[in-house]
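*Asks:* quick one: sequence and predicted model below, then my questions.
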Amino acid sequence: MTEVKTVEYWRWPEYRHTIPGKDWHNAKSITAGVDIGSVGSKAAVMLDGELYAFAITRTGGVSEATAVKVTNWALEGTGLQMANINYVVGTGYGRVNVPFAKKTITEIACHARGAHYIYGPTVRTVLDIGGQDCKAIRCDEKGKVLSFLMNDKCAAGTGRGLEVFADLIRVPMLELDKVSLNVEQEPPPVSNTCVIFAKAESLALLRQGWSKEKVAAAYHAAMADRIVDLLTRVGVEKDFVATGGVAKNAGIILRVERLLGIKALKPRIDPITAGAIGAALFAQALHEKELGLR
Amino acid sequence: MLAHYGYKDGSGDYFIIIDTDKCNGCGKCVEACPHQVLEIVLNDYDIEGGNMASVREEQRKKIKYACAPCKPVSGERKMPCILVCEPKAITHSW
């Protein structure tokens, strides 16, 4: 029997990171935010409201176990223990499944707060493109949500849709954007009402002899169309930023920028962690409240 | 905060918009709605907490049909959820 080696093109890397030059021993409050998303789980640890460490993994079948795993991974190598953390806030799709969280806050509020931390107080419109949904959020100078809208009905226009597509054209997830931008002329977008329809249509185009790059461009354009639809409903005001996993896909963001006619700000921290950072900031506020400092 | 619940399809925009800053969580709209579209939930958008009205999860993808009986094509529209809301926190997009 011969064993067939398969490459999982949809699989994106899991990773952790510690911000160098920080010592948790001097911190007055150590807080954590755990964002259990539909596809990826993120944990962020903050010292007095400054990011210290974060980790991202895939969400497994058991959200509780994933929450413990991702938080421990974020703490790995820092010498911190779960018991050292003063306050944990859970957020995201699986926020009720974070067993050690003292409070849960919806990911919409957390993404606005996290975007405010990552991109600064000039942010007014946040686009969060996650694994299974896409949200348009308007916020004020303090990062408080003024208005929000979640995508409807289907996973077209989300990270999961990209995973499905990566698998179809056999291009690794992180190289999709480069491939989609490698076209001379922008082709018309595929259908964007449904991931399955979009995939079927892409497949048909490949069979007609379209190049991988051209089909990728059509797929990315369809996603951008759908995202812009959502954004125009809540209204776009400068500065505009993107958070969530798909924010790292330049092919989507560039096309959204083209359609909106405004540029998105460049992140100073990995935008995938925005939800977890927001949750950790809420945790800090709640911790200070608990101590009677606020 | 304006929370938009609903969807957009080929025939139009269907959103129920609840202003969570105005909503006091009294629950009158929940009782008034003949189709059980609304519910009172814990406001976890804010660390202050409190109750607020929201569109039930299972109704969010079909409010065009759920709300249709209250939206006659001709004659006066009397939407019970909007009429009963004292702080005027509920609006419909269609």
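*Replies:* Great, that's in hand.
*Asks:* show me which residues of chain B sit near chain A.
*Replies:* B:1-4, B:6-9, B:13, B:15, B:44-47, B:60-61 (C-beta under 8 Å from any C-beta of the partner chain). C-beta: built from backbone N, CA, C; applies to glycine.
*Asks:* residues in contact with A:Arg16?
*Replies:* A:Arg16 makes contacts with A:53-56, A:73-74, A:76, as judged by C-beta atoms under 8 Å, 6 or more residues apart in numbering or on different chains.
*Asks:* make that A:Lys142, sorry
*Replies:* By C-beta under 8 Å, 6+ apart, the neighbours of A:Lys142 are A:116, A:121.
*Asks:* give me the phi and psi for whichever residue of chain B sits closest to chain A.
*Replies:* Nearest residue of chain B to chain A, counting by C-beta to the nearest C-beta: B:Tyr7, 3.1 Å away. Backbone torsions of B:Tyr7, given as degrees, to the nearest 10, read phi -160, psi 170.
*Asks:* thought B:Val55 was touching it, still the case?
*Replies:* No. Contact criterion C-beta atoms under 8 Å: B:Tyr7 and B:Val55 do not qualify, at 10.9 Å.
*Asks:* which neighbours do those two share?
*Replies:* Here B:Tyr7 and B:Val55 have B:Ile63 as joint contacts, going by C-beta under 8 Å, 6+ apart.
*Asks:* up against chain B, what does the stretch 51-200 of chain A have?
*Replies:* Selection of the stretch 51-200 of chain A residues close to chain B by C-beta under 8 Å from any C-beta yields A:103-106, A:108-109, A:144-150, A:152-153.
*Asks:* in strands only, show me the residues you listed.
*Replies:* Here DSSP state E is the test, and those give A:103-104, A:145-150 as lying in strands.
*Asks:* next, give me the two most distant ones among the residues you listed.
*Replies:* A:Lys103 and A:Leu149 (24.7 Å; C-beta to C-beta).
*Asks:* between those two, who's got more neighbours?
*Replies:* A:Leu149 (25 against 18; other C-beta atoms under 10 Å in any protein chain shown).
*Asks:* show me where pLDDT drops low in chain A?
*Replies:* Residue ranges of chain A with pLDDT under 70: A:152-154, A:293-294.
*Asks:* how many residues are close by residue 75?
*Replies:* Here I'm looking at chain A. 23.
*Asks:* oops, I was thinking of chain B
*Replies:* For B:Gly75, the neighbour count with other C-beta under 10 Å is 6.
*Asks:* name the nearest residue to B:Asp21, sequence neighbours excluded.
*Replies:* Closest residue to B:Asp21 apart from its sequence neighbours, by C-beta to C-beta, 6 or more residues apart in numbering or on different chains: B:Met1 at 6.2 Å.
*Asks:* so how many other residues sit close to the one you found?
*Replies:* 24.
*Asks:* please give me every residue in contact with it.
*Replies:* A:144-148, B:19-21, B:45.
*Asks:* return the set of buried residues in the helix or strand of chain B with the lowest mean pLDDT.
*Replies:* None of the helices or strands of chain B scores lower by mean pLDDT, DSSP states H and E than strand B:2-9, at a mean of 85. Going by neighbour count (16 or more other C-beta atoms under 10 Å in any protein chain shown), the buried part of strand B:2-9 is B:2-8.
*Asks:* so what's A:Val190 closest to, chain neighbours aside?
*Replies:* In space, A:Val190 is closest to A:Glu201, 4.3 Å off (C-beta to C-beta, 6+ apart).
*Asks:* secondary structure class for that neighbour?
*Replies:* helix (DSSP: H, G, I helix; E, B strand; the rest coil).
*Asks:* separation between it and chain B?
*Replies:* 17 Å (C-beta to the nearest C-beta, to the nearest Å).
*Asks:* just checking, that residue touches A:Thr193?
*Replies:* No. A:Glu201 is beyond contact range of A:Thr193, at 10.5 Å (criterion: C-beta under 8 Å).
*Asks:* looking at these two, which is more packed in?
*Replies:* The neighbour count for A:Glu201 versus A:Thr193, taken as other C-beta under 10 Å, is higher for A:Glu201 (19 against 15).
*Asks:* state the distance from the more buried one to B:Ala32.
*Replies:* 44 Å (C-beta to C-beta, to the nearest Å).
*Asks:* who wins on neighbours among the ones in strands among the residues of the stretch 51-200 of chain A next to chain B?
*Replies:* Busiest of those [other C-beta under 10 Å] is A:Leu149, holding 25 neighbours.
*Asks:* ok, it - contacts?
*Replies:* A:135-137, A:230, A:233-234, B:4, B:15 are the contacts of A:Leu149 under C-beta under 8 Å, 6+ apart.
*Asks:* make it 7 Å
*Replies:* Listed by C-beta atoms under 7 Å, 6 or more residues apart in numbering or on different chains, the contact set of A:Leu149 reads A:135-136, A:230, A:233-234, B:4.
*Asks:* what do you get for A:Gly94?
*Replies:* A:36, A:59, A:63.
*Asks:* export those residues to a markdown table and append columns for neighbour count.
*Replies:* Listed next are the contacts of A:Gly94 as a markdown table, based on neighbours: other C-beta atoms under 10 Å in any protein chain shown:
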| residue | neighbour count |
| --- | --- |
| A:Ile36 | 27 |
| A:Thr59 | 22 |
| A:Ser63 | 20 |
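*Asks:* closest one of these to A:Tyr9?
*Replies:* A:Thr59 (19.2 Å).
*Asks:* ok, for the closest one, nearest residue in space, not its chain neighbours?
*Replies:* Going by C-beta to C-beta, 6+ apart, A:Thr59 has A:Ser41 as its nearest residue, at 4.7 Å.
*Asks:* how about the secondary structure of the one you found?
*Replies:* strand.
*Asks:* what about A:Pro121, which SS state?
*Replies:* Once three-state DSSP is applied, A:Pro121 turns out coil.
*Asks:* any idea where the helices of the stretch 51-200 of chain A begin and end?
*Replies:* A:63-75, A:107-119, A:159-169, A:176-181, A:195-207 (DSSP state H, counting those that start in this stretch).
*Asks:* what of chain B?
*Replies:* Remark: helices assigned in chain B by DSSP state H are B:28-32, B:63-66, B:80-84.
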